[in-house]
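Undergrad: Take a look and give me a structure for this.
(chains A, B, C and D)
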2 protein chains.
Amino acid sequence: MTESSLCVSKLMDELNKHIESIAGVPLFSELSADHLRDVVSICKLKNFSKHDFLFNEGDFYLGFYILLEGSVKVFKTNSDGDETVVHIVKPLTEFADIPLFEGIDYPVSAQCLEDCLVIFIPKEEFLKLIKEDHEISLKMLSGFAKRLKSLISQIEDLSTKEVVNRLAKYLIKEIKLKENENIPEPFVKLTIPRSTTASYLGTVTETLSRAFRKLQNEKVLRMHGKVVFIQDLKKLKELAK
Amino acid sequence: MTESSLCVSKLMDELNKHIESIAGVPLFSELSADHLRDVVSICKLKNFSKHDFLFNEGDFYLGFYILLEGSVKVFKTNSDGDETVVHIVKPLTEFADIPLFEGIDYPVSAQCLEDCLVIFIPKEEFLKLIKEDHEISLKMLSGFAKRLKSLISQIEDLSTKEVVNRLAKYLIKEIKLKENENIPEPFVKLTIPRSTTASYLGTVTETLSRAFRKLQNEKVLRMHGKVVFIQDLKKLKELAK
DNA sequence: TCACTAATCTGACTTAAGTCAAGGGAAATT
DNA sequence: AATTTCCCTTGACTTAAGTCAGATTAGTGA
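TA: Numbers count the residues shown, from 1 in each chain, chains lettered A, B, ... in the order given. Below is the predicted model of the structure:
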């Protein structure tokens, strides 16, 4: 574990700087000031560098995380050593929260795709808070429900869509996330490694390259370094179905 | 909608007959008698015949179900009309509970694989109960967490395992479920249609047939009508990894 | 800036698995 | 009981995508 912990007073300052961010996390967005203070009191702020692991599949469970800055790949490793990326965590979202309620170890691994700032929330303390504040558990139910829907959709896509179509759907989703769907030429910055994107889409790097090339050949998009410009958004949406 | 509703007094009698079953559902297993009575008071008992639909993907959400008897396939249908079975519901488990917390319609369809007896619980009434009884929401969090883990595992398998290995894993799971792992020749009764099993495993009927044949050729199992006898459990477990 | 390493792209080849069609067996209906 | 319909198996063929190897590009550290 290579995270660098800040010294205590500096940490409290840093944490106070992030209270607004914490309040912006959907999980905590409707907490009263008192309860928000309770949550903050059990939080720990941690820095991780690119490539650092936050935890490994099978590690004894200590608590969950909220990503403030950076990005994290959440993945499983099978007996042959193959990785399946099941989630790419974006800022202001929680992860590693399943074992709060089920199991005693982390069911996945988590690795930083870039430098990260995260909040760590210990299991026991948080479960105490949950028992006092009903609103948090309802919020978590909502978060879990969203995630269940998303995973169900992933399974459907893996079973019935070809890689080009899965890529199209992924790009549409990224465009919507960045809210640049309505400019003349929407674009996506490919910030995460191609190998991670491929694994997330259930394929390998080579096949992902070929899928991009196919979309370029069909004039659906053009690539310029790490940026993908969408030339035919309508066509891309059709391919995403 | 072809469910047959029983008349009111008969229905209450029937429902009372099933209180023990309801109390046996993990979701309600630790409810006080008072709260259990509250739950029962909003429940409706419904019969469905084989092939009946309980609801279709996109239908406006009314409430969730607990399956008492029978089995139900939960599936999505894509734009080409292809089905992906995402879950096969067994007795004493709930389903269609995601939209209690997320969305306004059913994200999947549900069809009876055999005659079914189910309990229907309306959304609004249940949400009221949840807000009064914290224990239910914690139990639901646990149930959602289990399901998240299972779906994550499904995604991993679809991405990294071949069909034979997915079948092997499925059979191991069925054996464990039926608790006949320790008899000399464990067996699995294939009660659901092969096409449903295939879809659940992310493949098609033909490929599933070939996978069974491969396992027979390798003396891992033998088939006798609708029963699969496992001849080499150890080998099957290795194939399931 | 340069050398080295890692990531990505590309081509050739192989393979798992899907599609299509036909036949046999099982289940449902008359 | 006979007939019809549905389910499943099987073979032939096709295709999407994975594997392997090499070339090219991008990133990192001295």
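Undergrad: okay but residue A:212 is in contact with residue A:220, surely?
TA: No: contact between residue A:212 and residue A:220 fails when scored by CB atoms under 8 Å: they sit 9.9 Å apart. (C-beta placed from N, C-alpha, C; glycine too.)
Undergrad: what's the overlap in contacts for those two?
TA: Common contact partners of residue A:212 and residue A:220 (CB atoms under 8 Å, 6 or more residues apart in numbering or on different chains): none.
Undergrad: mind listing the strands for chain A?
TA: A:44-48, A:53-55, A:63-69, A:72-77, A:83-89, A:93-95, A:109-112, A:116-122, A:187-189, A:221-224, A:227-230 (DSSP state E).
Undergrad: What mean pLDDT does the last one get?
TA: Looking back up the chat, that one is strand A:227-230. In this model, strand A:227-230 has an average pLDDT of 94.
Undergrad: Quick check, central residue of chain A?
TA: residue A:89 (1.1 Å; CA atoms, centre = their mean).
Undergrad: Relative to residue A:240, how far out is residue A:169?
TA: Separation of residue A:169 from residue A:240 (CB to CB, to the nearest Å): 4 Å.
Undergrad: Could you do residue A:87 as well?
TA: 19 Å.
Undergrad: Neighbours of the closest residue to residue A:190 other than its chain neighbours, how many?
TA: Once flanking residues are discounted, residue A:190 sits nearest to residue A:226: 4.8 Å by CB to CB, 6 or more residues apart in numbering or on different chains. Neighbour count for residue A:226, taken as other CB atoms under 10 Å in any protein chain shown: 10.
Undergrad: residues in contact with residue A:226?
TA: Residue A:226 neighbours (CB under 8 Å, 6+ apart): A:189-191.
Undergrad: For chain A, what lies in contact range of DNA strand D?
TA: Neighbours of DNA strand D within chain A, by CB under 7 Å from any atom of the strand: A:162-164, A:202-204, A:206-207, A:225-226.
Undergrad: mind listing what residue A:64 touches?
TA: Here residue A:64 is in contact with A:94-97, A:99-100, A:120-121, A:123, A:126 (CB under 8 Å, 6+ apart).
Undergrad: what do you get if the cut-off is 10 Å, keeping everything else the same?
TA: A:27, A:94-100, A:106, A:119-123, A:126 (CB atoms under 10 Å, 6 or more residues apart in numbering or on different chains).
Undergrad: same question, residue A:92
TA: Contacts of residue A:92 (CB under 10 Å, 6+ apart): A:21-22, A:24-27, A:29, A:66-69.
Undergrad: show me where chain A has helices.
TA: Using DSSP state H, the helices of chain A run over residues A:8-17, A:19-24, A:33-42, A:123-132, A:134-160, A:163-178, A:194-200, A:205-217, A:233-239.
Undergrad: Residue A:57 reaches residue A:99, doesn't it?
TA: No: under the criterion of CB atoms under 10 Å, residue A:57 makes no contact with residue A:99, lying 11.4 Å away.
Undergrad: between the two, which one's more packed in?
TA: The neighbour count for residue A:57 versus residue A:99, taken as other CB under 10 Å, is higher for residue A:99 (21 against 14).
Undergrad: Now render the helices of chain A as a markdown table, adding mean neighbour count, distance to residue B:151 and mean pLDDT.
TA: What follows is those, written out as a markdown table (neighbours: other CB atoms under 10 Å in any protein chain shown; distance: least, CB to CB, whole Å; pLDDT from 0 to 100):
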| stretch | mean neighbour count | distance to residue B:151 | mean pLDDT |
| --- | --- | --- | --- |
| helix A:8-17 | 12 | 34 | 63 |
| helix A:19-24 | 15 | 28 | 76 |
| helix A:33-42 | 15 | 28 | 85 |
| helix A:123-132 | 15 | 22 | 91 |
| helix A:134-160 | 20 | 4 | 94 |
| helix A:163-178 | 18 | 17 | 94 |
| helix A:194-200 | 19 | 15 | 96 |
| helix A:205-217 | 15 | 23 | 96 |
| helix A:233-239 | 16 | 25 | 95 |
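Undergrad: re earlier: what's the most distant pair in the contacts of residue A:64?
TA: A:27 and A:106 (18.9 Å; CB to CB).
Undergrad: okay, the helices of chain A in a markdown table with distance to residue B:183 next?
TA: Formatted as a markdown table, those follow (distance: least, CB to CB, whole Å):
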| stretch | distance to residue B:183 |
| --- | --- |
| helix A:8-17 | 58 |
| helix A:19-24 | 54 |
| helix A:33-42 | 50 |
| helix A:123-132 | 39 |
| helix A:134-160 | 33 |
| helix A:163-178 | 43 |
| helix A:194-200 | 40 |
| helix A:205-217 | 44 |
| helix A:233-239 | 51 |
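Undergrad: For residue A:111, find the nearest of these.
TA: Among the helices of chain A, helix A:194-200 sits nearest to residue A:111 (CB to CB), with 9.3 Å.
Undergrad: Against DNA strand C - does that closest one have any residue that ends up touching it?
TA: Yes: shown here: helix A:194-200 in contact with DNA strand C (CB under 7 Å from any atom of the strand) through A:194-195.
Undergrad: by contact count, what packs against that helix?
TA: For helix A:194-200, the elements it packs on are strand A:72-77, strand A:83-89, helix A:163-178, helix A:205-217, helix B:134-160, judged by 3 or more CB pairs under 10 Å, 6 or more residues apart in numbering or on different chains; DSSP states H and E.
Undergrad: So what touches it?
TA: Counting by CB under 10 Å, 6+ apart, A:71, A:73-75, A:82-88, A:111, A:113, A:154, A:163, A:166-167, A:170, A:174, A:190-193, A:203-209, A:211-212, A:226, B:155, B:159-160 sit against helix A:194-200.
Undergrad: Run through the residues you listed and flag the ones next to DNA strand C.
TA: Filtering those for proximity to DNA strand C (criterion: CB under 7 Å from any atom of the strand) leaves A:193, A:205-206, A:208-209, A:212.
Undergrad: wait, residue A:121 sits on residue A:61?
TA: No: look at residue A:121 against residue A:61 with CB under 10 Å: they stay out of range, at 12.0 Å.
Undergrad: Overlap in contacts, the two.
TA: What both residue A:121 and residue A:61 touch, as defined by CB under 10 Å, 6+ apart, is the set A:96, A:100.
Undergrad: Which one's more surrounded, these two?
TA: residue A:121 (23 against 17).
Undergrad: For the more buried one, give me its contacts.
TA: Residues in contact with residue A:121, defined by CB under 10 Å, 6+ apart, are A:27, A:39-40, A:42-44, A:62-66, A:94, A:96-97, A:100, A:129.
Undergrad: No more questions from me, cheers.
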